[in-house]
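In: need a structure here:
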Amino acid sequence: MAAEGFILLYSLTILQVYNGEGDAVMMLDDLDISRKAMLKKAKDTTEEGSDVFVEIVLSFLGNPRTLFRKIGEEALSIFASEISAAGLSSLTDILDTEENLDGQKELFNNQSDDDAEEGQSSAESDDSGVDSGVDSDVEMVDREGDSDSASDSNSETNTDSSESDEDGSEDDAELTQFNNLLAMTLQTSKPNVDGEADEDTSDDSDMDDEQMMALDPHLSKIFQQRSKTTSKKKEREDAKQNVVHFKARVLDLLAIYLEKQYSNPLTLQVLLPIVRRTRASANKQLAEKASKMLKAHFDSRMKHKAPLPKPEDTEAVCDVLREVHEEAKLGGGAKIHADACSGASLHLVKVLVGLDRENYASIVEIYAETQKQWFKEKKSPLQPVLFTAFQNWSLNARQQGK
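Out: Below you'll find the model as predicted:
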């Protein structure tokens, strides 16, 4: 399987070399490092090789062509067991990237301008296609979202509305400035405080040809400034969409990893970054995609009858549980986020109890501390489902002796 995976990566990279893409030559060197490290299975080189492999897959993922993305996903599926904690961090760190121009620069700083433009056009054209940048199941999730999550929908609607209001206020300010400059240049009306022209026009509003010709350079300058402003706005919107598309592709990779490595203790490392994508302030499509991923992961034990992860460091798992509880306070009251936190928390509880039933005492202390803080803060956004789900599970686990 590993040989087949490397054949896929080598073949596609060599095609890029023949296509004249300079970075592909360096990618071949990286592939050699990764291949040799994995084949040797040496402790001092395996981690480095697996990290290089993740970077290669990410570079394939950033290519606008569907073929590259599919082969990157296939390769990760084959090499999932070889990925180290640092390699996973390379994936999860992307999920927290700002969805703006700075975030786009951080993610695609190695791409040429032509690649970046091609990525934007690909993202735009892929929105309606099966092999879209965000992937078709993001669109499907958007249509198939849980109808019973009323409070979550309200939270997301409020978030979208606030973003729209911010964009709208910026547009209004830019339009007001444009109208004021135009009015002062033409001297046909005087802008008031609100940026609206007075009804009374100047007596000098009628101009002859010579006066109009004199105004032409000023008008050209104003419209050029307006064009630049519009261009910057589109650049910001395109940057946001590019980052969102790339995050969705990274979520696809993490979904593959969670499916292939359910019993691997490293899966616990990726839970929190995915949960953060379900906050009320997060992109709606990414939130629904992340929520769907987590539900599938938590339910996969029943489907595949796979054993729970058995990490060696119990305290480290308890620390992750505490972090999930802290995250539960930051969701802005979104139901989708509350459910994600509750599900992740219960998954960690099952892992701890699966290791040793004596760990239940430490778990109760963590939940009790969270509940005490929630009780004190009347305006706490933390949802009670975190506690009720745990109580229900405790009752069933006690009766079943598991």
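
In: what about residue 317, neighbour count?
Out: Residue 317 has 22 neighbours, counted by other C-beta atoms under 10 Å. Every residue, glycine included, has its C-beta placed from N, CA and C.

In: three-state assignment of it?
Out: Classification of residue 317 using DSSP: H, G, I helix; E, B strand; the rest coil returns helix.

In: how near is it to residue 240?
Out: 35 Å (C-beta to C-beta, to the nearest Å).

In: Check residue 25 and give its pLDDT.
Out: Note on residue 25: pLDDT of 85.

In: how about the nearest residue to it, chain neighbours excluded?
Out: Leaving aside its chain neighbours, residue 25 sits nearest to residue 17 (5.9 Å; criterion: C-beta to C-beta, 6 or more residues apart in numbering).

In: Give the burial count for the one you found, as a bare number.
Out: Quick note: residue 17 (other C-beta under 10 Å) scores 14 neighbours.

In: Pull out the buried residues from the host helix or strand of it.
Out: Per DSSP states H and E: residue 17 is located in helix 2-18. Using 16 or more other C-beta atoms under 10 Å as the test for burial, helix 2-18 gives 5-6, 8-9, 12-13, 16.

In: Identify, from the residues you listed, the entry nearest to residue 291.
Out: Ranked by distance to residue 291 (C-beta to C-beta), the buried residues of helix 2-18 are led by residue 5 at 30.0 Å.

In: hang on, the closest one packs against residue 80?
Out: No - between residue 5 and residue 80 there is no contact under C-beta atoms under 8 Å: 10.2 Å.

In: rewinding a little: unless I'm mixing things up, the residue nearest to residue 25 is touching residue 24, no?
Out: Yes - between residue 17 and residue 24 there is a contact at 4.5 Å, judged by C-beta under 8 Å.

In: need the contact list for residue 246.
Out: Contacts for residue 246 (C-beta atoms under 8 Å, 6 or more residues apart in numbering) come out as 61-62, 94, 107-108, 133.

In: That one sits in which helix or strand?
Out: Taking DSSP H and E as the criterion, residue 246 maps to helix 209-260.

In: Mind checking what helix or strand follows that helix in sequence?
Out: helix 267-276.

In: so what does that following helix touch, helix or strand wise?
Out: If you count contacts as 3 or more C-beta pairs under 8 Å, 6 or more residues apart in numbering; DSSP states H and E, helix 267-276 packs onto helix 85-95, helix 209-260, helix 284-304, helix 314-328, helix 335-355.

In: if you set the cut-off to 6 Å instead, what comes out?
Out: helix 85-95, helix 314-328, helix 335-355 (3 or more C-beta pairs under 6 Å, 6 or more residues apart in numbering; DSSP states H and E).
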